[in-house]
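Student: Starting from these lines, generate the structure:
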Amino acid sequence: MENQAVRETIEKLLDQGYSRNAVFEQLRGQVGNELRLANRIATVRVQCETGVPVTLNRILLCLSIIQALFAVWVLQSVWIPLDQVIVLLGIFVISVLTVLYLIGLARMAFIGYTAFLLFCFTVAANYMYAFQFFPVISLMGLLLALMNGALTYYLKVLIYPHMGMLDVRKDGRGRYILE
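Tutor: Below is the predicted model:
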């Protein structure tokens, strides 16, 4: 089945009152990759009952922009005397990544949260390495990255409780957890 057809079938079955588990069992034999099907079912029409995730997501969007602006400032103030080409390349990469992460976070997509969470871990590791050279800047960058990572993880778990760190979780018997 094509991606769009699978998505429409999932939405139609959910509208008819089937649980996500029943939808998975019904479509299981029609697709080749069961994990991809489980992921698609898990991420179709994720609805939040309260406005808390939406508000926290807006805060996360602002914090991710602040983190990107801080990184650009660090590149311009610390690295510009060393090599201007590295600074320009770094600013370009930061700009592209920020736009991509903002799109994923604004859409409240599972892959957006996961990718940004991994990025926050990477940035935190870089600031920890640079701590010996630039302690104050590294401490501020580390706090921003850890705060963004914690908020991203919290939102990911709140919106997608059935998803693990990178994909759909399995129970003890090896079956996919969909609800």
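Student: tell me what the least confident helix or strand in the chain by mean pLDDT is packed against?
Tutor: Within the chain, judged by mean pLDDT, DSSP states H and E, the helix or strand with the poorest mean is helix 34-43; its value is a mean of 79. Under the contact criterion of 3 or more CB pairs under 8 Å, 6 or more residues apart in numbering; DSSP states H and E, helix 34-43 touches helix 3-15, helix 20-27, helix 110-130. Any C-beta I mention is one placed from the backbone N, CA and C, and that applies to glycine too.
Student: Just the buried positions in stretch 29-46, please.
Tutor: By 16 or more other CB atoms under 10 Å, the buried positions in stretch 29-46 come out as 37-44.
Student: actually stretch 65-74, not the one I wrote
Tutor: The neighbour-count check on stretch 65-74 (16+ other CB under 10 Å) flags 67-68, 70-72, 74 as buried.
Student: Now do residue 158 against residue 151, distance only.
Tutor: Residue 158 sits 10 Å away from residue 151, going by CB to CB, to the nearest Å.
Student: neighbour-wise, which of these two wins?
Tutor: Looking at residue 158 and residue 151 with other CB atoms under 10 Å, you find the greater number of neighbours at residue 151, namely 20 against 14.
Student: So which residue is smack in the middle of the chain?
Tutor: residue 113 (1.3 Å; CA atoms, centre = their mean).
Student: Just to check, that one is in contact with residue 156?
Tutor: Yes - when contacts are counted by CB atoms under 8 Å, residue 113 is listed as touching residue 156 (4.0 Å).
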